[in-house]
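A.B. asks: how does the following fold in three dimensions:
(chains A and B)
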2 protein chains.
Amino acid sequence: MQAGFPSLQMFGIKTPLIRPGDNIADIIIGSLEKQDMQFQDNDVLIIAESPLATSEKRLVCLADIDPGEKANKLAEEYQLDAREMELILQECDEIFGGVPGAALTITKGTLAPNAGIDGSNAPEGYVVLLPKNAQESAGRIRREIKDRCKCKIGVIIGDSRTQPLRLGCVGIALGTSGMVPVEDARGTLDLFGKEMVITRKAMADNLVSAAQLLMGEAGESVPAVLVRGAPVQIVDDDIEMPLFSRDECMYYSNIRKA
Amino acid sequence: MQAGFPSLQMFGIKTPLIRPGDNIADIIIGSLEKQDMQFQDNDVLIIAESPLATSEKRLVCLADIDPGEKANKLAEEYQLDAREMELILQECDEIFGGVPGAALTITKGTLAPNAGIDGSNAPEGYVVLLPKNAQESAGRIRREIKDRCKCKIGVIIGDSRTQPLRLGCVGIALGTSGMVPVEDARGTLDLFGKEMVITRKAMADNLVSAAQLLMGEAGESVPAVLVRGAPVQIVDDDIEMPLFSRDECMYYSNIRKA
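C.D. replies: Numbers count the residues shown, from 1 in each chain, chains lettered A, B, ... in the order given. All right, here's what the predicted structure looks like:
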């Protein structure tokens, strides 16, 4: 006889267009009800950062931006709109270099082309900045769902990234609440009973990548995904994404400072 | 009224321990039957590279390896076993540098710490090299399942990678067959009817990351995952992973040559 096998389900949540000032928890709860579903304990909700940022009024009209000298220079170098480059400089922690169309930055602690600023899914002439604090947003949404739906879930704010030397976007978690975002498999045993040494599982990043299978990037209006049955450690608390020391990172330690 | 919403299901496939010379397609089909399941058209099967490589006899006994001068020097620099470093040199296309415990390489076209060589889930004193040609393995397994189960599925050989400045492993596809691994969203329209410019979706990489939620890295014996309902373009053909030009990659173009 075969013992039970692991499985999970994922459901895209279709919503109306999210607008500045909207309460996104409210919209998601309502949209889920329209799909004849409701949250259950141990669900994980993944929300795309761009609609969240829009609801948090992080839309910027490019016509309002007056680029400075540094922005003009870098915009030419990286073939970007100088007003967007000005916003990148304001938003990012550091710039490392770039390629035509993308400045490579660290923004809010993670690598992000163009400081995560995106013109897609924004009205013509506007761009969307990253949520001001994705961790706080995740916590706020989690608590609102906990209060209204009486269940303990994990919430992840997800974004897209390219991986080095890979074509196409995968998922990354900008902030999480109510779950362990990176699980430590060190000390567990492998198939041969040997102790695993360095393996950590990026549960939150993997959940965002999974969600992106259903989200799409274009006009699909599926800004959130519900994952049910994933072996995630749900906790009634905010756990910050652990930081990775720059010296430990084999990529970073080989990135040339611009 | 709400239109249909996207959803998918994922099932871990529990197998016996995979040994050198095993027919992995055979084991997966048998294990799925024991779970009272069978393949359906448009399913995607994700197989972890390490058990596949084991079945393909890519296990190497470290005691058989005699490290050369270069391997001894680099092993000291990166704090690696000199015999493993010798294998890394034999397997990789290029070495860029590294950090303690990991040499940063390009191997079979993708970035891979230590040329993808892994001591986890191998017997004591052995390591597992990457499958010789993951694309070919995916094609062979897909065709065997197609012949025996009479259905058209996608097959992905998956591995783990860290992302730059992130803690924890996510998924990456080493080879695929029967599906479009990277979908091109350029030309589609965003929520505001504007044309999307640069977005490609790494469907295969995201499917591996999703599968890793159920696979685990340690002794779980879930080396394969079945994904049902994912909006993947299934094709009765082998499509190679498209290559990303090094100049286009914002990471690569900023990596200092060691």
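
A.B. asks: for A:Ile106, pull up the helix or strand it's in.
C.D. replies: Per DSSP states H and E: A:Ile106 is located in strand A:102-107.

A.B. asks: which residues touch that strand?
C.D. replies: Here strand A:102-107 makes contact (CB atoms under 8 Å, 6 or more residues apart in numbering or on different chains) with A:74, A:78, A:80, A:85, A:88, A:91-98, A:111-116, A:130, B:165, B:250-251, B:254. Where C-beta positions appear, they are placed from N, C-alpha and C, glycine not excepted.

A.B. asks: isn't A:Val208 up against A:Gly154?
C.D. replies: No: between A:Val208 and A:Gly154 no contact is recorded; they are 11.8 Å apart, counting by CB atoms under 8 Å.

A.B. asks: if you count surrounding residues, which of the two has more?
C.D. replies: A:Val208 (31 against 27; other CB atoms under 10 Å in any protein chain shown).

A.B. asks: shouldn't the more buried one be within a helix?
C.D. replies: Yes: assessed with DSSP: H, G, I helix; E, B strand; the rest coil, A:Val208 lies in a helix.

A.B. asks: which ones are touching the closest residue to it other than its chain neighbours?
C.D. replies: Nearest residue to A:Val208, sequence neighbours excluded (CB to CB, 6 or more residues apart in numbering or on different chains): A:Gly171, at 3.0 Å. Counting by CB under 8 Å, 6+ apart, A:Gly171 makes contact with A:158-161, A:205-212, B:206, B:209.

A.B. asks: turn these into TSV, including pLDDT and distance to A:Asp66.
C.D. replies: TSV is the format used below for the contacts of A:Gly171 (pLDDT from 0 to 100; distance: CB to CB, whole Å):
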residue	pLDDT	distance to A:Asp66
A:Gly158	97	32
A:Asp159	94	28
A:Ser160	91	29
A:Arg161	89	30
A:Asp205	97	37
A:Asn206	97	41
A:Leu207	98	40
A:Val208	98	35
A:Ser209	97	38
A:Ala210	98	41
A:Ala211	97	37
A:Gln212	95	35
B:Asn206	97	39
B:Ser209	97	41
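
A.B. asks: and which of the residues you listed is nearest to A:Gln40?
C.D. replies: A:Leu207 (16.1 Å; CB to CB).

A.B. asks: surely the closest one meets A:Ile47?
C.D. replies: No: using CB under 8 Å as the test, A:Leu207 is too far from A:Ile47 to be in contact (11.4 Å).

A.B. asks: name the residues contacting each of those two.
C.D. replies: Joint contacts of A:Leu207 and A:Ile47 (CB under 8 Å, 6+ apart) are A:156, A:158.

A.B. asks: so, low pLDDT: which residues of chain A?
C.D. replies: Within chain A, the stretches with pLDDT under 70 are A:1-3, A:186-187, A:189-198, A:216-220, A:245, A:247-248, A:250, A:252-258.

A.B. asks: what about the helices in it?
C.D. replies: Secondary structure of chain A by DSSP state H: the helices cover A:24-34, A:49-55, A:69-78, A:82-91, A:134-149, A:203-215.

A.B. asks: state the distance from A:Met179 to chain B.
C.D. replies: 12 Å (CB to the nearest CB, to the nearest Å).

A.B. asks: now do the nearest residue to that residue once chain neighbours are set aside against chain B, distance only.
C.D. replies: Closest residue to A:Met179 apart from its sequence neighbours, by CB to CB, 6+ apart: A:Gly154 at 3.2 Å. Counting by CB to the nearest CB, the gap from A:Gly154 to chain B is 12 Å.

A.B. asks: which strand residues bridge A:Gly154?
C.D. replies: A:Val44 (DSSP bridges).

A.B. asks: what does the one 4 residues further on give?
C.D. replies: In this structure, A:Gly158 bridges to A:Ala48, A:Ala173 when assessed by DSSP bridges.

A.B. asks: tally of neighbours for A:Asp22?
C.D. replies: By the criterion of other CB under 10 Å, A:Asp22 has 18 neighbours.

A.B. asks: grab the nearest non-local neighbour of it.
C.D. replies: A:Ser55 (4.4 Å).

A.B. asks: these two touch, right, that neighbour and A:Leu17?
C.D. replies: No: the pair A:Ser55 / A:Leu17 is not scored as a contact, 10.8 Å apart, by CB under 8 Å.

A.B. asks: ok, those two, which is more surrounded?
C.D. replies: Between A:Ser55 and A:Leu17, counted using other CB under 10 Å, the more crowded position is A:Ser55 (23 against 14).

A.B. asks: any idea which residue sits dead centre in chain A?
C.D. replies: A:Gly158 (2.1 Å; CA atoms, centre = their mean).

A.B. asks: list the contacts of it.
C.D. replies: Taking CB under 8 Å, 6+ apart, one finds A:46-49, A:171-174, A:207-208, A:211-212 in contact with A:Gly158.

A.B. asks: again with A:Ala224
C.D. replies: A:Ala224 touches A:12-13, A:15, A:28, A:31, A:45-48, A:215, counting by CB under 8 Å, 6+ apart.

A.B. asks: my guess is A:Val170 meets A:Gln163, correct?
C.D. replies: Yes: using CB under 8 Å, A:Val170 makes contact with A:Gln163 at a distance of 6.0 Å.

A.B. asks: list residues touching both of these two?
C.D. replies: Listed as contacting both A:Val170 and A:Gln163 by CB under 8 Å, 6+ apart are B:202, B:205.

A.B. asks: on that earlier part again, which of the contacts of strand A:102-107 count as buried?
C.D. replies: A:74, A:78, A:80, A:85, A:88, A:91-92, A:95-98, A:111-116, A:130, B:165, B:250-251, B:254 (16 or more other CB atoms under 10 Å in any protein chain shown).

A.B. asks: let's see which of the residues you listed end up in strands.
C.D. replies: A:95-98, A:111-113 (DSSP state E).

A.B. asks: widest-spaced pair of those residues?
C.D. replies: A:Gly97 and A:Ala112 (13.5 Å).

A.B. asks: skipping adjacent residues, who's closest to A:Ile18 in space?
C.D. replies: A:Pro51 (4.0 Å).

A.B. asks: and that neighbour, what is it in contact with?
C.D. replies: The neighbourhood of A:Pro51, defined by CB under 8 Å, 6+ apart, consists of A:15, A:18, A:24, A:121, A:223.

A.B. asks: out of those, who's the most crowded?
C.D. replies: Counting neighbours by other CB under 10 Å, A:Pro223 comes out on top of these with 29 neighbours.

A.B. asks: identify the residue nearest it in space, chain neighbours excluded?
C.D. replies: Using CB to CB, 6+ apart, the closest residue to A:Pro223 is A:Pro51 (4.0 Å).
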